[in-house]
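Colleague: below: sequence and its predicted model.
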Amino acid sequence: MVSRTNLDQQLKRINFNGYGWGRSEVRELSAILMPDEQIDECVNGFYEAGFALLVATRDRLILVDKKPLHYLAVEDLRFDLINEFDYSHRLMGAQVKVSAGMKTLYFTSWNQARLRRLLGFVQYRITEVKKMQQTQQEAQKAHLEYINQQLQLFMAIQHYQYQQLTQHTGRPGLQSTSPLAVLMNMANTAQQQAAGQFSAGQVSMAAMKRVLPVISAYTRLPVMSGHSRFQPAD
């Protein structure tokens, strides 16, 4: 919620008269906008239910319809949900179609220039949001790959420690191999499996299943066994 003074300053910045046609919708904006939300452009026009005000902020596209007898309709379209919009102008007006999921909005305005500026900002924000989502997905994928590499390194070190333990206790075990060689072997196996239908997480689980069964509480420490006989004191 923003104050009316702050709202008037934002409307003055974009040269929009908030006390003329559409003043009832402008009053409702004080309760609709978030405290840190800024208006980039707004335009009066019509949609299927009558007169309305279309507002574009940095986070969303808002349609406000305020009629007498406390009738109010508000449609909120987030930029990350908008998948299509079409613009067409005629001699005496312009129309825009905005699709967001299962919702489709048809809006017509007589002010072609202002509606065109609003749609230009909407197009810019949609492209910017899509790029941010793509960057976040790539960062998440890189983080998962890093976790997978750390898990493979941990399993290689555990495998090497087990080999050293079996040689130290004189028990039969595998031939001693450095952690780097074990890790390279696991990486090659992971690449071969990833070339098929296995994901990075499935490869890590497969590596865990190969290594963990040979590590148990009975092989970590030498088995201490023997019989002691009580010798009475002389």
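Modeller: Everything's here; your move. Numbering: from 1, shown residues only.
Colleague: quick one, longest helix in the protein?
Modeller: helix 112-168 (DSSP state H).
Colleague: who's in contact with residue 119?
Modeller: Counting by CB atoms under 8 Å, 6 or more residues apart in numbering, residue 119 touches 85, 87, 96. (Glycine included, C-beta is placed from N, CA and C.)
Colleague: just grab the bridge partners of the closest residue to residue 88 other than its chain neighbours for me.
Modeller: Excluding its sequence neighbours, the residue lying closest to residue 88 (CB to CB, 6 or more residues apart in numbering) is residue 95, at 5.4 Å. Beta-bridge partners for residue 95, by DSSP bridges, are residue 88, residue 108.
Colleague: the closest residue to residue 48 other than its chain neighbours and residue 120: what is the separation?
Modeller: Spatial nearest neighbour of residue 48, excluding adjacent residues (CB to CB, 6+ apart): residue 106 at 6.2 Å. Per CB to CB, to the nearest Å, residue 106 is found 19 Å from residue 120.
Colleague: please apply the same query to residue 129.
Modeller: Distance of residue 129 to residue 120, computed by CB to CB: 15 Å.
Colleague: also residue 64?
Modeller: The value you get for residue 64 to residue 120, if CB to CB is used, is 21 Å.
Colleague: pick out whichever of those two has more residues nearby.
Modeller: Taking other CB atoms under 10 Å, residue 64 and residue 120 do not tie; residue 64 has more neighbours (21 against 14).
Colleague: need the helices for this protein, in chain order.
Modeller: With DSSP H as the criterion, the chain has helices spanning 4-13, 23-32, 112-168, 179-194, 200-211.
Colleague: tally of neighbours for residue 122?
Modeller: Residues near residue 122, counting by other CB under 10 Å, number 23.
Colleague: for it, give me its contacts.
Modeller: So residue 122 contacts 56, 61, 79, 82, 85, 98 (CB under 8 Å, 6+ apart).
Colleague: export these to a markdown table and tack on pLDDT, neighbour count and distance to residue 1?
Modeller: Listed next are the contacts of residue 122 as a markdown table, based on pLDDT from 0 to 100; neighbours: other CB atoms under 10 Å; distance: CB to CB, whole Å:
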| residue | pLDDT | neighbour count | distance to residue 1 |
| --- | --- | --- | --- |
| 56 | 93 | 23 | 19 |
| 61 | 93 | 26 | 19 |
| 79 | 88 | 21 | 22 |
| 82 | 87 | 22 | 25 |
| 85 | 81 | 18 | 28 |
| 98 | 90 | 22 | 25 |
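Colleague: tell me which of those residues fall in strands.
Modeller: Among those, the ones falling in strands (DSSP state E) are 56, 61, 82, 85, 98.
Colleague: what about the chain, any weak spots by pLDDT?
Modeller: 168-234 (pLDDT under 70).
Colleague: can you pull the domain assignment for it?
Modeller: Per automatic domain parsing, the domain ranges recorded for the chain read 4-79, 141-214.
Colleague: ends of stretch 56-72, how far apart?
Modeller: End-to-end distance for stretch 56-72: 19 Å, by CA to CA, to the nearest Å.
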